[in-house]
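S.K.: 3D, please:
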Amino acid sequence: MPKRIQMKPLLVLLSVFSVLLFATKIFRGNYDFASSGRIAMSVMLVFTAVAHFTFTKGMTMMLPDFIPYKTTVVYLTGIIEIVAAVGLFIPSLRIVTAWLLIAFFLLIFPANIFAAINHIDYQKGTSDGNGLTYLWFRIPLQILFIVWTYLSAIKG
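M.R.: Sure thing, here's the model as predicted:
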């Protein structure tokens, strides 16, 4: 029986986006896709950043052995996510934040590949995770995050 794939960040992103999209229609009279998208991305980033501080052991297991100071890297990437969440709200920093966030999404993807190959379950801090099947979900998800950031923060 396959293990359940962690879809929480996607659910947070889509739920917040949907609520905000309809709220802007109701209160402003029109849909605001870009702002709703940026706010949803920010909420999702804070949500995922919390995992860096709550599931630190499992997150460190996602990093290959050649990376030093794994715990520091995990905390730092959580802080980067929080800073990016804030940066998406600052008009003068929004575009540069979005480009850096896209680069960040690309840079962290190898950790997801490493974790999948090694069956890491970051929430339990064990090596009995979904394995390579997780990448069938994670690759499209990573592409969605990149496209979402581009459309809501750079084009929007």
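
S.K.: Can you tell me the closest non-neighbouring residue to T24?
M.R.: D32 (4.2 Å; CB to CB, 6 or more residues apart in numbering). The way it works is simple: take the backbone N, C-alpha and C, and place the C-beta from them, glycine included.

S.K.: Heading C-terminal from the longest helix seen in the chain, find the next helix or strand.
M.R.: As assigned by DSSP state H, the longest helix anywhere in the chain is helix 94-117. Once helix 94-117 ends, the next helix or strand along the chain (criterion: DSSP states H and E) is helix 135-149.

S.K.: picking up where we left off before, right, and the residue nearest to T24 touches I26 too?
M.R.: No - using CB atoms under 8 Å, D32 is not in contact with I26; the gap is 11.4 Å.

S.K.: re earlier: can you tell me the average pLDDT over the longest helix of the chain?
M.R.: Helix 94-117 comes out with an average pLDDT of 96.

S.K.: coming back round to it: of D32 and I26, who's got more company?
M.R.: Higher neighbour count among D32 and I26: D32, with 16 against 8, using other CB atoms under 10 Å.
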